[in-house]
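J.: model this:
(one chain, ligands or ions: 1)
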Amino acid sequence: MASNGPDSGAPAPPPAPPPAPAAGAPVAIVTGANSGIGLAVCVALARAGYTVYGGMRATASAAELLAAAAAAAVDPPGAVHVVRMDVGNDRSVATAVAAVLAATGDRVDVAVANAGYGKRVTVEGVPLSDYQSMMNVNFFGALRLVQACVPSMRRRRSGRVLGVSSVIGLVAFPFFGAYAASKFAMEGLWESSHAEYKALGVHFILMEPGPVATPMAHRPPGPWSPPDELVPVWDAYAAQFMAEFFSIAHTPDACADAFVRAVSDPAPALRYMTHPPSEGMLRTKVADLDGKGVAATTLALLATAKPGGGSTPPPAEADRAEQ
Ligand SMILES: NC(=O)c1ccc[n+]([C@@H]2O[C@H](COP(=O)([O-])OP(=O)(O)OC[C@H]3O[C@@H](n4cnc5c(N)ncnc54)[C@H](OP(=O)(O)O)[C@@H]3O)[C@@H](O)[C@H]2O)c1
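T.: Residues are numbered from 1 along each chain as shown. Below you'll find the model as predicted:
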C-alpha cells in the first residue's frame, strides 16, 4: 500500500510511490475506493486478477478497503493499493495517475470514474456554487481521470474507461436536478467518446446503477429548503424516496459483478445496467438499454467522415464550384 501520511493538519510528507503491479497482471484505477460501490469494485477486480489502485481523497479512510481485500483472499495477496486522489482537484488526479503509470510502466487497462455524491435541490435557494461543486466532483472529476488515463490507453491501443452514472443519469428524479445534470453530462461525454475511441481500442462504458445499499443514502442533506409552496411535497417525497427507492436496493457486491462483466465482455457495450428491477422504469425513456443502437448510429456518423477531405459541400456551393 502507498502510505500517504496524514490528510489534514501539518503539510503531509510526499507520498511514497505506489508499488508495481503483480507480474503480468492487468491494472485498474478506481476513484472513490474507500466506500460503497468503489470499494466493492476494487475487491471484485482484484478477485478477477487485476492489480487495483484505489484512489481516495483521505487515505486515512483506507482501512475498510484493505480489510475487505484481505477478507476476500485475493490472489495474489496485496493486489489492492491505496493512492491519495481527490477527484475535485486537477493536480491531485494528474499526480496520482502519473505515479501509478510510473509504477506500472505506463499501463492502465481499466479506469473507473466512481467518486460522486448527490444532494436534493430545487432551482431556487441553492447557491450556484453548490451546483458547481457537484459538477466538479461528479462530472469534471470523471473527466480529470479520463484525461489522465486515456493517453496511455490510446498509446497501447487498449483500455476501458467506466463512468459510474446512475438510473438518474437516464431519468431525472424530482429534486435530483443537480445530480441528474452531472450524470447527464457524463452520459453525453461517454456516448460521444465511445464512438471516437472505439477504433483505437479504448472503450468508453457507462455503468447505470439503480439503488445500491451504500453510505450514500445516509450522507447528510444540503442545508437548503425549497420555496414554501414545494415544502410539503419535498418532505413527503424525501420520505417516500428513501423508503421505496432503497427498499429494492441491492448490495455493492451485486453491483460490482456488473463491472466485472463490463471489463471482461469480449464485445463491450456502451451501457451496462446493474439493477434489473430498475429496467422497467428506464424503458419509459430508453428503448436501447445497452446502447448498441446509439453506438451504431454514432459510429455510422464517423464512417461518413472523409479523412483529409473535409465535408461534402452543400449543393449550392457545389454548383458554384463547377462554374
Ligand atoms: N448508492 C446508490 O444507490 C447509487 C446509485 C446510482 C449511482 N451511484 C453512484 O455510484 C458512485 C459511488 O457512490 P456510492 O453509492 O458508493 O456512495 P458512497 O459510499 O458515498 O461513496 C462515494 C465515494 O465518492 C467519494 N466522494 C464523494 N464526494 C466527494 C468529493 N467531494 N470529492 C472527492 N470524492 C468524493 C467519497 O469519498 P469520501 O468518503 O471521502 O466522501 C466516496 O469514496 C457515485 O458516483 C454515485 O453517484 C450510487
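J.: Which of the residues in the longest helix anywhere in the chain are classified as buried?
T.: If you go by DSSP state H, the chain has its longest helix at helix 177-198. In terms of neighbour count (16 or more other C-beta atoms under 10 Å), helix 177-198 has its buried residues at 177-187, 189-191, 193-195, 197-198. (Glycine included, C-beta is placed from N, CA and C.)
J.: Quick one: mean pLDDT for that helix?
T.: In this model, helix 177-198 has a mean pLDDT of 98.
J.: can I get the CA coordinates of that helix in PDB?
T.: The C-alpha atoms that make up helix 177-198 are tabulated as PDB, following Å, rounded to 0.1, in the frame of the first residue of the first chain:
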ATOM      1  CA  GLY A 177     -31.800  18.000 -10.800                       C
ATOM      2  CA  ALA A 178     -28.200  18.900  -9.900                       C
ATOM      3  CA  TYR A 179     -27.200  15.200  -9.500                       C
ATOM      4  CA  ALA A 180     -29.100  14.300 -12.700                       C
ATOM      5  CA  ALA A 181     -27.400  17.200 -14.600                       C
ATOM      6  CA  SER A 182     -24.000  16.000 -13.600                       C
ATOM      7  CA  LYS A 183     -24.800  12.400 -14.600                       C
ATOM      8  CA  PHE A 184     -26.400  13.500 -17.900                       C
ATOM      9  CA  ALA A 185     -23.200  15.400 -18.600                       C
ATOM     10  CA  MET A 186     -21.200  12.200 -18.000                       C
ATOM     11  CA  GLU A 187     -23.600  10.300 -20.300                       C
ATOM     12  CA  GLY A 188     -23.000  12.800 -23.100                       C
ATOM     13  CA  LEU A 189     -19.300  12.800 -22.800                       C
ATOM     14  CA  TRP A 190     -19.100   9.000 -22.700                       C
ATOM     15  CA  GLU A 191     -21.600   8.500 -25.500                       C
ATOM     16  CA  SER A 192     -19.500  10.800 -27.800                       C
ATOM     17  CA  SER A 193     -16.100   9.400 -26.800                       C
ATOM     18  CA  HIS A 194     -17.300   5.800 -27.200                       C
ATOM     19  CA  ALA A 195     -17.500   6.400 -31.000                       C
ATOM     20  CA  GLU A 196     -14.300   8.400 -31.200                       C
ATOM     21  CA  TYR A 197     -12.100   5.900 -29.400                       C
ATOM     22  CA  LYS A 198     -13.500   2.500 -30.300                       C
END
